[in-house]
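Enquirer: what's the 3D shape of this:
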Amino acid sequence: MGWSARFALLADAVSSAETFVNVFISLYVLVILVYILTSWLRLPYSPTLNRIQRFLYDVCEPYLRLFRRLLPSAGAFDFSPMLAVFTLVAADLFLIWILDHFH
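Expert: I've put the predicted structure just below:
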């Protein structure tokens, strides 16, 4: 296997890693936004909706709890999801920047 083939293989792997990181973080941001929306709405009782809300809680709450410890309480407003999403976007940009340097 020549150097050009190895370089092409590495470039393809880096491109795949960039795509994975971008899609994963975008999907997690979307899940957080859906979690926030369902926490604002009063949904009727349904076993299916209950399972969906429980899944969203189990997936989002451990990450959001990290930011709730950092931010002081602001009355009825919870700014931790906003900080969590900004942190995810910053991490996405940073990881993509690092992976771009492997090209």
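Enquirer: so what's the residue most central in space within the chain closest to, chain neighbours aside?
Expert: In the chain, the centroid-proximal residue (CA atoms, centre = their mean) is residue 28; its distance is 3.1 Å. What sits nearest to residue 28 in space, not counting adjacent residues and going by CB to CB, 6 or more residues apart in numbering, is residue 88, at 6.4 Å. (C-beta placed from N, C-alpha, C; glycine too.)
Enquirer: on that earlier part again, gap between the residue nearest to the centre of the chain and residue 97?
Expert: Distance, residue 28 to residue 97, by CB to CB, to the nearest Å: 19 Å.
Enquirer: now do residue 70
Expert: In terms of CB to CB, residue 70 sits 24 Å off from residue 97.
Enquirer: just residue 23 next, same as before
Expert: From residue 23 to residue 97 the distance is 17 Å (CB to CB).
Enquirer: before we move on, what about residue 50?
Expert: For residue 50, the distance to residue 97 - CB to CB - is 41 Å.
Enquirer: cool, residue 91 as well?
Expert: Following CB to CB, the distance that separates residue 91 from residue 97 is 11 Å.
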